[in-house]
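Peer 1: Predicted model follows, preceded by the sequence.
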Amino acid sequence: QVQLVESGGGLVQAGDSLRLSCAGRGFSSGAMGWFRQAPGKEREFVATISKSSSRTSYADSVKGRFTISRDNAKNMMYLQMNSLKPEDTAVYYCASKPGYSGTYSRESSYDYWGQGTQVTVSS
């Protein structure tokens, strides 16, 4: 059974850092990504990483502050979030596209999703 489980969310102050983790089970390695959904807004792209980690891509709103990484041996993906802002408050989701080696910023490109982890940044 394919499963993605996010962890690491929480309540922090503006300027703080958080590291989100995504544990994957039951599928082959492929492209992965992070998305987020703020209250009253549509889910939006945050970052994506290729199967080999050779390519990454970020939304303009997080570029320079967030870093996506992965450890295929452990079936783990991470999102290091620095200099957090109140506008980063959202539920963060990890997504997987098994068998594909590129990077993908479209929500519809992904096959599997986690349940989400809440990140709240206070001002």
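Peer 2: Good, I have the coordinates.

Peer 1: Just want the most central residue of the chain.
Peer 2: In the chain, the centroid-proximal residue (Cα atoms, centre = their mean) is residue 34; its distance is 2.3 Å.

Peer 1: How about the contacts made by that one?
Peer 2: 20, 22, 46, 47, 48, 68, 77, 79, 92, 93, 94, 95 (Cβ atoms under 8 Å, 6 or more residues apart in numbering). The way it works is simple: take the backbone N, C-alpha and C, and place the C-beta from them, glycine included.

Peer 1: Considering the residues you listed, which possesses the most neighbours?
Peer 2: If you count neighbours using other Cβ atoms under 10 Å, the busiest of the contacts of residue 34 is residue 94, which has 30 neighbours.

Peer 1: rewinding a little: which member of the contacts of residue 34 is positioned nearest residue 107?
Peer 2: Checking the contacts of residue 34 against residue 107 with Cβ to Cβ, the nearest one is residue 95 at 7.6 Å.

Peer 1: which ones are touching the closest residue to the closest one other than its chain neighbours?
Peer 2: Nearest non-adjacent residue to residue 95, counting by Cβ to Cβ, 6 or more residues apart in numbering: residue 110, 3.8 Å away. Counting by Cβ under 8 Å, 6+ apart, residue 110 touches 33, 95, 96, 97, 104.

Peer 1: Against residue 18, how distant is residue 110?
Peer 2: 22 Å (Cβ to Cβ, to the nearest Å).

Peer 1: Report how many residues lie close to residue 119.
Peer 2: 22.

Peer 1: Likewise for residue 53?
Peer 2: Residue 53 has 14 nearby residues by other Cβ under 10 Å.
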